[in-house]
Every structure is written in structure tokens, then in C-alpha cells.
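**Student:** Take a look and give me a structure for this.
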Amino acid sequence: MSLLRKCLEAEHGLTRSAISGHIDHFQSTSSEDLGWGCGWRNIQMLSSHLLTQTYGAKEMLFGGSGFVPDIPSLQKWLEIAWMRGFDVMGADSLDFEIYGCRKWIGTTECAALLRSFGLRAHIVDFGCEAVNNKMRSADGQGQVVQGRARGTPAIKTNGPLDKFLHFEVQCDGCEAFPIRGFIFESTQRENFHLCSDCMDTGKYSSLEFVKFDTAYSSTSRSGKEFNAGKSDNHQVLFDWVWNYFVGEKSVHSKASLEQFKERVITSQQTPLYFQHNGHSRTIVGIQRRRKSGSAKDEEAILLVLDPAQRTEELARALRGNSGWQKLVKRGVHTLRKPEYQLCYVDPGIAYGKELEQLKILDSEAFKY
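**Tutor:** You can find the predicted model right below:
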């Protein structure tokens with residue numbers, strides 16, 4: 001983060017940034033987790049921050065080992081959390097088994113794992129009104145439990161709000177219904193579909209199938225991505241992230257760019273686990289800057305660490321202050337999915353009754 005801070009301070013133009021404290025970048029590798037392990041890598045990134053920046057976390061996390069575990073160890077810790085009663089609905093949907101598996105995880109697993117150590121992890125949902133209405137609880141109060149309405153099946157899927165379910169078709173390989181996450185449609189056999197698990201068995205040729213990662217419909221079959229509406233719909237997410245890092249009640253929250261005394265401030269908040277359909281990343285800060293050619297208009301830029309990036313390449317770009325922007329900065333126009341989820345950790349350690357209450361996951365939802 002010290003390298004990122006130097007680069008942000010050296011930028012031209014009127015900019016102001018808020019970034020988290022220390023965090024290590026963890027990359028996915030072809031030999032270990034490429035294609036399925038981004039969620040675990042983001043947990044590792046968040047853990048590297050918690051161990052060094054959050055009071056009491058070093059003694060509580062991972063048996064007080066003081067270091068960030070590898071993916072198999074994290075999987076075992078998650079199974080222990082499930083056995084202790086944390087996120088039972090999510091555990092049941094994954095058959096209480098994750099160790100040694102390539103099952104995708106998301107914010108719910110991140111929150112359950114961290115909560116099992118007494119950390120106050122919380123989930124925030126951002127999505128269109130139609131999506132959020134489907135997720136309201138039966139009592140009409142809008143509380144979301146594990147990303148599902150009370151009384152509905154605890155179906156595990158692969159993404160935020162735990163991603164899409166394909167109720168239109170059944171898997172012709174294992175007869176799973178609904179198909180969860182990715183769906184594969186045969187180009188040679190009429191009305192023949194497979195789920196990700198069946199494709200991973202190697203029994204079918206990838207050349208025969210077309211892969212869809214959006215809601216399965218005539219629109220997705222045409223190759224067009226789901227239309228989340230205007231990109232500025234996601235401005236509510238950017239506003240939330242800005243207030244989160246600078247403090248909603250701080251003088252920086254509503255201050256103009258000219259009123260900032262420092263170009264870069266270090267936030268006391270943890271980084272954010274950032275989930276969307278098909279991938280997850282870690283938000284380590286946010287920047288506001290004056291739009292080019294404008295005297296008043298501003299725009300916000302997320303500062304993101306991506307497990308898909310090579311750590312060496314990222315460090316080299318930051319050290320040389322060259323090309324790092326394309327690796328780290330993400331504007332509102334880059335958010336093209338209809339739904340996003342964040343996981344963050346509040347200060348302090350939970351004990352007793354509060355710890356018991358943390359076993360049930362809930363979510364705060366924002367619609368647009």
C-alpha cells in the first residue's frame with residue numbers, strides 16, 4: 001500500500017484518495033487454484049490486513065498462528081466454522097464439505113469464516129429493485145438471511161446474492177435442477193445442457209458447448225451480456241464505498257476536492273471483499289477526481305486488487321509508477337453486472353451472546 005500511496009500522491013490533476021492500511025496481494029496460480037480460487041485469495045488478502053491492522057485479530061484468527069493460511073487450511077477452518085454452527089444454511093447447501101474441493105465461494109463464506117473467530121464481518125448487497133424484492137424476508141421487513149428469503153430452499157450457487165440460478169433447464173448430465181452458476185448449451189444436440197460440475201468431469205468436449213454466465217434466456221443465447229441498466233446506477237455503490245473509507249460523519253465525507261488538506265488519506269477501515277457474477281476482487285480504497293475539461297464535475301474510481309493479476313507485475317508497475325492505473329483503477333463504467341456484494345469487518349471482537357448472534361448471516365441491501 002505504500003507503493004500505491006506514492007503513485008497516488010504523484011498523480012497530476014485535482015485528486016483525493018482514501019486507502020486502507022497494509023495489505024498483501026495474493027494471486028491465483030495455474031498449479032493451484034486458477035479459475036476457481038479467487039474467493040479464497042481475497043480472504044487471504046483481507047486476512048493479511050486484519051492480522052496487522054485490526055486490534056485483537058492476530059490473537060483470534062487461525063488459532064493465533066499469526067500468519068495467513070494456504071487455501072486448503074482456509075477450507076478446513078471454514079468446515080470447523082460450519083461445525084460450530086456458523087452459516088448452517090450455506091454449509092448445508094455445500095453438503096458441509098469444502099476441504100479439497102474446487103467449489104466456488106463468495107461473501108457469505110468469507111463472512112462466516114471471519115465471524116467464527118469473533119470478527120464482526122458484515123455483508124452489503126447492491127442490485128436492481130427487482131432483484132432485491134425477490135430477496136426480502138417473509139415478514140416484509142427487508143431483512144435478508146444468507147442472501148435468501150426465509151422459507152426458501154437453501155440452494156448454493158456461484159456468485160453474489162449468490163449468483164444466478166437457471167430454472168429454465170435441467171442438467172442432462174447429472175439431472176441437477178436448477179442449474180447453478182455457469183450453464184453450457186450444446187451446439188450439436190438439441191436442448192442439451194450441462195452444469196459446471198459435469199463439464200469439469202472431462203466426459204464432454206468443450207468444443208461442443210457454449211458457456212453462459214448470465215441468466216439463461218434468448219438474450220444470453222445471442223451472446224449479449226445482461227443489461228444492468230445505465231452504468232450510473234452503480235453510483236450508489238461508489239458513494240457507499242467513499243463514505244465507508246473516509247467515514248460517513250467525517251469532514252471528508254461531503255467535502256469538495258479543494259477542501260482536502262491531503263491528497264491521500266489512510267483509512268481506519270478494512271479492505272472490502274468485492275463480489276460479482278463470475279469473479280471477486282478486493283477494494284483497497286477509492287479516489288475522487290475532477291473530470292477532464294470540467295470545472296466542477298467529479299468522478300469516483302475504485303482502487304482494486306485482483307487475484308487474477310500477477311503480484312510481480314503489479315509490484316513492478318507500482319514501483320516504476322507506470323501502467324499501474326489499468327491494473328488498479330476501476331470506474332463506474334466498468335461495473336456491468338446487475339448485482340454486487342461487499343463484505344467488510346467492523347472493529348472489535350465479539351464474545352458470548354454477540355458471538356452466538358453472528359452465526360446467522362444477514363445482509364444490508366441497497367437498490368437502484
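**Student:** Residue 23 is in contact with residue 271, correct?
**Tutor:** Yes: using CB atoms under 8 Å, residue 271 is in contact with residue 23, at 5.6 Å. For every residue, glycine as well, the C-beta is placed using N, CA and C.
**Student:** Please say which of these two ends up with more neighbours.
**Tutor:** In this view residue 271 and residue 23 are compared by other CB atoms under 10 Å, and residue 271 has more residues nearby, 31 against 24.
**Student:** before we move on, back to that, what sits in contact with each of residue 271 and residue 23?
**Tutor:** 45-46, 49, 282, 284, 305 (CB atoms under 8 Å, 6 or more residues apart in numbering).
**Student:** Pick out whichever of those residues sits closest to residue 17.
**Tutor:** Using CB to CB, residue 284 is the member of those that lies nearest residue 17, at 10.4 Å.
**Student:** List the residues that contact the closest one.
**Tutor:** Under the criterion of CB under 8 Å, 6+ apart, the neighbours of residue 284 are 1, 4, 19-20, 23, 271, 303-305.
**Student:** Any chance of the residues you listed in TSV with distance to residue 235, secondary structure and pLDDT as columns?
**Tutor:** Output for these, formatted as TSV (distance: CB to CB, whole Å; DSSP: H, G, I helix; E, B strand; the rest coil; pLDDT from 0 to 100):
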residue	distance to residue 235	secondary structure	pLDDT
1	26	coil	90
4	24	helix	96
19	20	strand	97
20	22	coil	96
23	25	coil	97
271	21	coil	98
303	17	strand	98
304	17	strand	97
305	22	strand	97
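**Student:** Out of those, which end up buried?
**Tutor:** Among those, those classed as buried by neighbour count (16 or more other CB atoms under 10 Å) are 1, 4, 19-20, 23, 271, 303-305.
**Student:** May I ask which helix or strand encompasses residue 117?
**Tutor:** Taking DSSP states H and E as the criterion, residue 117 maps to no regular element, lying outside all helices and strands.
**Student:** my guess is it meets residue 61, correct?
**Tutor:** Yes: counting by CB under 8 Å, a contact exists between residue 117 and residue 61, whose distance comes to 5.2 Å.
**Student:** Span of stretch 86-95 from start to end?
**Tutor:** Taking CA to CA, to the nearest Å, stretch 86-95 runs 14 Å from one end to the other.
**Student:** What residues of that stretch count as buried?
**Tutor:** Result for stretch 86-95 [16+ other CB under 10 Å]: buried residues 86-91, 93-94.
**Student:** For that stretch, what is the distance to the chain centroid?
**Tutor:** Between the mean C-alpha point of stretch 86-95 and the mean C-alpha point of its chain there is a distance of 19 Å (CA atoms, centre = their mean, to the nearest Å).
**Student:** Now do that stretch, average pLDDT.
**Tutor:** Averaging pLDDT along stretch 86-95 yields 92.
**Student:** Which per-residue confidence value corresponds to residue 233?
**Tutor:** 74.
**Student:** Tell me if it really is in a helix.
**Tutor:** Yes: the assignment for residue 233 by DSSP: H, G, I helix; E, B strand; the rest coil puts it in a helix.
**Student:** That one contacts residue 366, correct?
**Tutor:** No: here residue 233 does not reach residue 366: they are 10.8 Å apart, not a contact under CB under 8 Å.
**Student:** Helices of this protein, start to end?
**Tutor:** For the chain, the helices defined by DSSP state H occupy 2-9, 38-53, 57-60, 71-83, 88-93, 107-115, 129-134, 196-200, 218-221, 235-246, 311-319, 324-328, 352-357.
**Student:** Between helix 71-83 and the second one, find me the angle.
**Tutor:** Same thing as helix 38-53. Following axes from the mean of the first three to the mean of the last three CA atoms, to 10 degrees, one obtains 90 degrees for the angle between helix 38-53 and helix 71-83.
**Student:** Show me what the mean pLDDT comes to for helix 38-53.
**Tutor:** Mean per-residue pLDDT for helix 38-53: 96.
**Student:** quick one: buried residues of that helix?
**Tutor:** For helix 38-53, burial by neighbour count (16+ other CB under 10 Å) applies to 38-51, 53.
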